[in-house]
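Colleague: Sequence below, structure please.
(one chain, ligands or ions: 1)
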Amino acid sequence: RTEKIELDIYGMTCAACSARIEKGLNKLKGVTKATVNLATESGTIEYQPGVVNLEDILEKVKKLGYEAKVKE
Ligand code: 9UX
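Modeller: Below you'll find the predicted structure:
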């Protein structure tokens, strides 16, 4: 089973930023698919809830130097 969440991501200024976040999130165990869109300042993440949780994902984005919150 996978869960899908949408994030607002702040602080990206170039295409390398979005690529970095994408790469970083896809490296997390339990993340099955992460896509990050620079133009819309957002990301879509599919993950396995038992393996990785939302906190881990938000923390990872923060560690990379950006702010993220769950889209409402
Ligand atoms: Mo280039 Mo995006 O340094 O931070 S990766 S602006």
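Colleague: what residues are up against the residue lying farthest from the centre of the chain?
Modeller: Going by CA atoms, centre = their mean, the residue of the chain most distant from its centre is R1, 18.4 Å out. Going by CB atoms under 8 Å, 6 or more residues apart in numbering, R1 touches 48-49. Yep, even glycine has a C-beta here, placed from its N, CA and C like the rest.
Colleague: I'd like the numbering to begin with 20 instead of 1 from here.
Modeller: Shifting the count to begin at 20 puts that one at R20.
Colleague: what comes into contact with stretch 64-78?
Modeller: For stretch 64-78, using CB under 8 Å, 6+ apart, the contacting residues are 20-26, 44, 47-54, 87-89.
Colleague: Can you say which of those are buried?
Modeller: 26, 44, 47, 49-50, 53, 87 (16 or more other CB atoms under 10 Å).
Colleague: Near the ligand, which residues of the chain are found?
Modeller: For the chain, the residues in contact with the ligand (CB under 6 Å from any ligand atom) are 32-33, 35-36.
Colleague: picking up where we left off before, can I get the buried ones among the contacts of stretch 64-78 in a markdown table including secondary structure and pLDDT?
Modeller: Putting the buried ones among the contacts of stretch 64-78 into a markdown table (DSSP: H, G, I helix; E, B strand; the rest coil; pLDDT from 0 to 100) gives the following:
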| residue | secondary structure | pLDDT |
| --- | --- | --- |
| L26 | strand | 98 |
| L44 | helix | 98 |
| L47 | coil | 98 |
| G49 | coil | 98 |
| V50 | strand | 98 |
| A53 | strand | 98 |
| A87 | strand | 98 |
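Colleague: And those, which two are furthest apart?
Modeller: G49 and A87 (16.7 Å; CB to CB).
Colleague: related to what we said a few turns ago, out of the residues of the chain next to the ligand, grab the one that's most surrounded.
Modeller: C36 (17 neighbours; other CB atoms under 10 Å).
Colleague: list the contacts for that residue?
Modeller: 30, 57, 85.
Colleague: Buried ones among these?
Modeller: Applying 16+ other CB under 10 Å to the contacts of C36 flags 57, 85 as buried.
Colleague: Specify which member of the contacts of C36 is nearest to the ligand.
Modeller: Nearest to the ligand out of the contacts of C36 is G30 (CB to the nearest ligand atom; 7.8 Å).
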